[in-house]
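Visitor: With the sequence up front, the predicted model follows.
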Amino acid sequence: MIDLHTHSLFSDGELLPSELVRRAEAIGYQAVAITDHADTSNLDWIIPRLLQVCGDLNAQWPVRAIPGIELTHLPPALIAPLTARARTLGAQIVLVHGETVVEPVPPGTNRQAIEARVDILAHPGLIAEEDVRLALEKGVALEITSRQGHCLTNGHVASLAQKIGAPLVLNTDSHSPGDLVSREKAWKVALGAGLKLEDFEKMLENSWQLLIGA
Ligand SMILES: [Zn+2]
Ligand SMILES: [Zn+2]
């Protein structure tokens, strides 16, 4: 399993990065990105700490720990400059907290995240077809999620992405140990979104490709 969206206690997750990565390894993960919530107040505080711990863990354990960030509830005009800043600070995976239907994410977030060429637009909610086309053009992956609430629009995201050919990834958005999933559970999430086994395998491959490009 590869999962490029999780939270540690550097934002609203329950676990220290080391325990998060160890628990992921214990249920069969090969790679996990830690992508804590950030805005201008904490971006430069979180990323160096995640770089430190991921480097330390990667020197000891086979599971790959990836330092990332999730830009969250920002005014959309700040997404592009903060994406650039996150990459300068060393984030290997940049996510934007997309327009999920269960939170008042600022309208325009999906579009600005895609224009900024983030790696993954997380839980993009009822994303517009033109934005899915733009995601394909810009190479931004759209997320299928196992996260309660955010998962309500998985079917919409999956069907539009399939129609247009935009890349998908599957993540957990884990905040607690019980949110991490086995590959079997992840496959059920994909099935529930109307995807086939080959689509599921392609999603995992897309995640690996993001790491190679990082
Ligand atoms: Zn959160
Ligand atoms: Zn998240």
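Guide: Perfect, thanks for sending it. Ligands and ions are numbered 1, 2, ... in the order given.

Visitor: which stretches of this structure form helices?
Guide: Here the chain has its helices, by DSSP state H, at 17-26, 43-58, 79-89, 109-115, 129-138, 154-164, 183-192, 197-213.

Visitor: Deepest-packed of the ones you listed, please.
Guide: helix 109-115 (a mean of 23; mean count of other CB atoms under 10 Å). (Each C-beta comes from the backbone N, C-alpha and C, glycine too.)

Visitor: Run through the neighbouring helices and strands of it.
Guide: Other elements packing on helix 109-115 under the criterion 3 or more CB pairs under 8 Å, 6 or more residues apart in numbering; DSSP states H and E are helix 79-89, strand 93-97, strand 120-122, helix 129-138.

Visitor: From A26, how far out is the residue of the chain most remote from its centre?
Guide: Residue farthest from the centre of the chain, counting by CA atoms, centre = their mean, is Q60 at 24.5 Å. Using CB to CB, to the nearest Å, Q60 is found at 15 Å from A26.

Visitor: With I144 instead?
Guide: When I144 is compared with A26 (using CB to CB), they lie 24 Å apart.

Visitor: For the residue nearest to L78 when sequence neighbours are not counted, grab phi and psi.
Guide: Excluding its sequence neighbours, the residue lying closest to L78 (CB to CB, 6 or more residues apart in numbering) is T40, at 6.9 Å. Per-residue torsions, T40: phi -70, psi -10 (degrees, to the nearest 10).

Visitor: ok, T40 touching A77?
Guide: No: the criterion here is CB atoms under 8 Å, and T40 misses it with A77 at 11.9 Å.
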